[in-house]
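> Test case, fold it:
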Amino acid sequence: MARLMKRQGIRGASRSKKRFTTHADPAHLRAPDLVKREFVATHPNQLWVADFTYCSTWSGVIYVAFIVDVFSRRLVGWKASRSMTASLVVDALNMAAWTRRTNLGGLICHTDAGSQYTSVSYTDRIDELGVSASIGTVGDSYDNAMAESVMGTFKTELHRNPAVLASNGGHWKGLEDLEIATCAWVSWFNEERIHSELEDQTPCEIEEGYSLNHQANVA
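Numbering: from 1, shown residues only. Just a heads-up that it's a prediction; the model follows:
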């Protein structure tokens with residue numbers, strides 16, 4: 001595809017400049033970095049990465065948080081909100097826990113050092129789920145590179161994919177429009193969008209293949 005696009009003088013959509021959403025709170029204790037930039041997992045629910053970004057709407061900025069399973073690149077949790085408070089990331093975490101519906105003991109959830117991820121409500125919920133928190137260094141995007149990449153992909157594709165644009169074909173009016181568009185994009189990302197890192201498979205196909213192989217090995 002890249003070769004044919006180059007021949008035709010076509011290039012892919014580029015990502016817009018980043019608006020910083022990470023603000024560390026020096027008063028909060030931070031979890032250690034358990035990942036050390038090794039974004040590798042051999043099975044689902046071994047390592048998640050989390051981050052949030054923003055989108056502009058007619059009624060103001062909307063923040064969208066995501067949680068990604070590193071093994072399959074599947075988006076297991078997300079939440080949109082008008083404010084970037086701790087509840088934004090806690091709600092995304094709760095969706096991820098509900099999506100998996102299994103014991104999450106042994107799972108590592110890696111984030112940046114934003115105050116939302118060092119807040120009492122987030123760390124308490126992490127502990128309740130039996131998940132180990134991991135936080136990268138302040139001001140270093142490479143320490144959460146996979147999540148950063150997904151944030152950029154979301155903003156690039158959501159703005160340009162006709163399948164998930166607002167019904168009027170224009171900009172989103174507010175939170176409700178953006179939630180509908182994000183829900184459609186997440187479904188497409190997990191079930192239809194192929195990934196070169198996954199040997200041109202979708203996240204759902206990767207997890208289905210793992211499940212079948214695991215059942216065969218157990219049998």
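
> Quickly list what the most centrally placed residue in the chain is bridged to.
Among the residues of the chain, the one closest to the centroid is residue 66, at 3.4 Å (CA atoms, centre = their mean). For residue 66, the beta-bridge partners are residue 51, residue 78 (DSSP bridges).

> so what pLDDT did it get?
Residue 66 carries a pLDDT value of 98.

> quick one: the helices in this protein?
Assigned by DSSP state H, the chain shows helices spanning 2-7, 86-100, 120-129, 145-160, 175-191, 203-218.

> Switch those over to JSON lines; also include mean pLDDT and distance to residue 135.
(Glycine included, C-beta is placed from N, CA and C.) Formatted as JSON lines, the helices of the chain follow (pLDDT from 0 to 100; distance: least, CB to CB, whole Å):
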{"stretch": "helix 2-7", "mean pLDDT": "72", "distance to residue 135": "35"}
{"stretch": "helix 86-100", "mean pLDDT": "97", "distance to residue 135": "12"}
{"stretch": "helix 120-129", "mean pLDDT": "96", "distance to residue 135": "10"}
{"stretch": "helix 145-160", "mean pLDDT": "88", "distance to residue 135": "12"}
{"stretch": "helix 175-191", "mean pLDDT": "93", "distance to residue 135": "25"}
{"stretch": "helix 203-218", "mean pLDDT": "88", "distance to residue 135": "25"}
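
> want to try CSV for those helices, with distance to residue 197 as columns?
Below are these laid out as CSV (distance: least, CB to CB, whole Å):
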stretch, distance to residue 197
helix 2-7, 15
helix 86-100, 20
helix 120-129, 27
helix 145-160, 10
helix 175-191, 13
helix 203-218, 10
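
> closest one to residue 35 among the ones you listed?
helix 145-160 (9.4 Å; CB to CB).
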